[in-house]
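Peer 1: Here is the input, now give the coordinates:
(one chain, ligands or ions: 1)
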Amino acid sequence: MRGIIAGPASFELGAKIASALGWRLVPLEFKTFPDGESYVRIDWGGFEGSDVVIVQSTHPPQDRHLMQLFLMADAARDAGLGVEAVVPYLAYSRQDKAFRAGEAVSAKTVCELMGCVGIRRLFVLDIHSEEVLNRSRVPIRNLTAMFDIGEYFLKKDLRDPIVVSPDEGARLHAERVASVLGCESSSFKKERDRITGEVAMTPSDARFSGRDVVLVDDMISTGGSMLKAMAAIKAKGARRVFVACTHPLLGADVGRRLIESGAEEIVGTDAFPNPFERVSVANAIAEALRSSA
Ligand code: R5P
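Peer 2: A predicted model of the protein is given here:
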């Protein structure tokens, strides 16, 4: 028997996954001490000797959510349980190499720490850089929300659609969404100055005039990539531009700017709680856990 521990960052998603699988939730006590430190206690009676899957996204505040994950995993290991973790948004995964000498490779650090607290296997969702998968000592399975995002847009009655990613790194995401819609996909070319952070973007030479465009990425943070891509696509005569991602890290202000700049809709998933949830990833995660049991 396997149980699900729905961590403090992912109570709802954890419960949805447990319900989709018909697995029991392991009761969890959780509080924050007055000085900000986290307390967790796993009530593992009835799960003796079992495997448990902790569901805990590590969206902002990342460090707090990571620490809660480490505490839950270590407590479960101390209780003699086998521990796996579903971390839909994996914090720090953008820093997958030292771009400048002396930089911490934080994606590697986070994966090392997962192993240190006894996590035997990790499931993530549309990880920012697949490089992280090869460098981690803890085996990682990278799941995708892109087919579910595609299904969402299938119901939208799009006119002559094209799916576009704001950079080549996200091209596979666009291809996956396009495969569901049965349409063309394309990508921008994006270069970021590692020191100033300034971004230069070159649009693809695909035809946009009169078409409905789905702009898709793994995450939206400052919204800079999407805003630039959207302006270029609109300038080329697109009919409507939808903005979609797995991990909507953007604040309300960025959401407002995207809509004011002409985005028809911002479509996110429930990888972590956010105002843009339109697509649930619970079934995709449940299916991966079921098939890996
Ligand atoms: C950048 O390298 C990524 O592919 C994303 O486009 C980026 O992380 C999204 O960030 P922002 O919304 O800040 O442009």
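
Peer 1: Could you check how far K155 is from I149?
Peer 2: According to CB to CB, to the nearest Å, K155 stands 12 Å off from I149. Glycine gets a C-beta too; all of them are placed from N, C-alpha and C.

Peer 1: next one: A293
Peer 2: Using CB to CB, A293 is found at 26 Å from I149.

Peer 1: Pick out whichever of the two has more residues nearby.
Peer 2: Between A293 and I149, I149 has the larger neighbour count (other CB atoms under 10 Å), namely 28 against 9.

Peer 1: residues of the helix or strand containing that one that come out buried?
Peer 2: I149 belongs to helix 146-154 when assigned by DSSP states H and E. By neighbour count on 16 or more other CB atoms under 10 Å, the buried set for helix 146-154 is 146, 148-150, 152-153.

Peer 1: Check which helices and strands it sits against.
Peer 2: Applying 3 or more CB pairs under 8 Å, 6 or more residues apart in numbering; DSSP states H and E, we find helix 146-154 packed against helix 171-181, strand 212-220, strand 240-248, strand 263-269, strand 277-279, helix 282-291.

Peer 1: can you pull the contacts of G268?
Peer 2: 220, 244-248, 274, 276-279 (CB atoms under 8 Å, 6 or more residues apart in numbering).

Peer 1: can you tell me which of these lies nearest to the ligand?
Peer 2: Of all the contacts of G268, the ligand sits closest to I220, with 4.5 Å by CB to the nearest ligand atom.

Peer 1: just checking, the closest one touches G251?
Peer 2: No - applying CB atoms under 8 Å as the test, I220 and G251 come out as separate, 10.3 Å apart.

Peer 1: Those two: which is more packed in?
Peer 2: Legend: neighbour count by other CB under 10 Å for I220 and G251, higher for I220 (26 against 15).

Peer 1: Walk me through the domains of this protein.
Peer 2: Following automatic domain parsing, the chain resolves into domains at 3-144+281-292, 146-270.

Peer 1: For those domains, give me JSON lines that also has distance to the ligand and mean pLDDT.
Peer 2: What follows is the domains of the chain, written out as JSON lines (distance: least, CB to the nearest ligand atom, whole Å; pLDDT from 0 to 100):
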{"stretch": "domain 3-144+281-292", "distance to the ligand": "6", "mean pLDDT": "96"}
{"stretch": "domain 146-270", "distance to the ligand": "3", "mean pLDDT": "94"}
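
Peer 1: Quick check: the gap between F272 and A206.
Peer 2: 32 Å.

Peer 1: Counting neighbours, go ahead and name the busier of the two.
Peer 2: F272 (25 against 15).

Peer 1: Quick check: that one touching P61?
Peer 2: No - contact criterion CB under 8 Å: F272 and P61 do not qualify, at 11.5 Å.
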